[in-house]
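Visitor: Here you go, sequence then predicted model.
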Amino acid sequence: MAEAKAPEEAPPEQPAGAQPGGQLEMFRGYNFNLLIDGINAGHFLFCSELQVKVAALRYREAGAGPVVRRLPGPVSHADVTLRCGFTQSPELWTWFLASMSGLPQRKNVSILMLDVDGVTERLRWNLNECWPSEWKVHPLDALGQEIAIASLTMVYESLTRG
């Protein structure tokens, strides 16, 4: 006669995106939404590094001998480029047309890093007084698998983390 077995316990629930034996990813380094003045304007798969630089000014103080002191100087921000994007809204193109006419419209832009589910916001960078400086579209090929916006480059005045 066979012995009765105790019912097996169900394995513990793992968070979405977790794999057995692997480390849990907090969030991945791709999958971005672009918000312009709080309105979703597009979805991108790549964002160049956001860079802020504070220039170090050198000066010599009278009576300090050979000592060269350094003070913080002007702050500059590198352009940011979003690549592999798609949008159904004409907002991005209209915004870029204003830059082409020589009268860029400065807007507040947020770049949202999304969780693996593609919906949940994990991190937000706010680019203030931003305007587009370059637009590049993939070749239009019905048999290709490229995404519509190859790249969008923007300049901005200041950067904050939301």
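Guide: Now that the structure is in, tell me what you want to look at.
Visitor: Pull up the pairing partners for the strand ranked longest in the chain, direction included.
Guide: Counting residues, the longest strand found in the chain (DSSP state E) is strand 121-137. In the sheet, strand 121-137 lines up against strand 107-114 (antiparallel), strand 149-155 (antiparallel), strand 158-161 (antiparallel) (DSSP bridges).
Visitor: Mind putting these into JSON lines with mean pLDDT, mean neighbour count and distance to Gln51?
Guide: C-beta coordinates here come from the backbone N, C-alpha and C atoms, glycine included. Below are those laid out as JSON lines (pLDDT from 0 to 100; neighbours: other CB atoms under 10 Å; distance: least, CB to CB, whole Å):
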{"stretch": "strand 107-114", "mean pLDDT": "91", "mean neighbour count": "20", "distance to Gln51": "13"}
{"stretch": "strand 149-155", "mean pLDDT": "92", "mean neighbour count": "19", "distance to Gln51": "12"}
{"stretch": "strand 158-161", "mean pLDDT": "94", "mean neighbour count": "12", "distance to Gln51": "9"}
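Visitor: what would those strands look like in CSV with distance to Ala78?
Guide: CSV is the format used below for these (distance: least, CB to CB, whole Å):
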stretch, distance to Ala78
strand 107-114, 14
strand 149-155, 9
strand 158-161, 10
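Visitor: Which one, of those strands, ends up nearest to Glu134?
Guide: strand 149-155 (3.8 Å; CB to CB).
Visitor: Contacts for that closest one, please.
Guide: Applying CB atoms under 8 Å, 6 or more residues apart in numbering, the contact partners of strand 149-155 are 34, 42, 44, 77, 79-87, 92, 96, 109, 127, 130-138.
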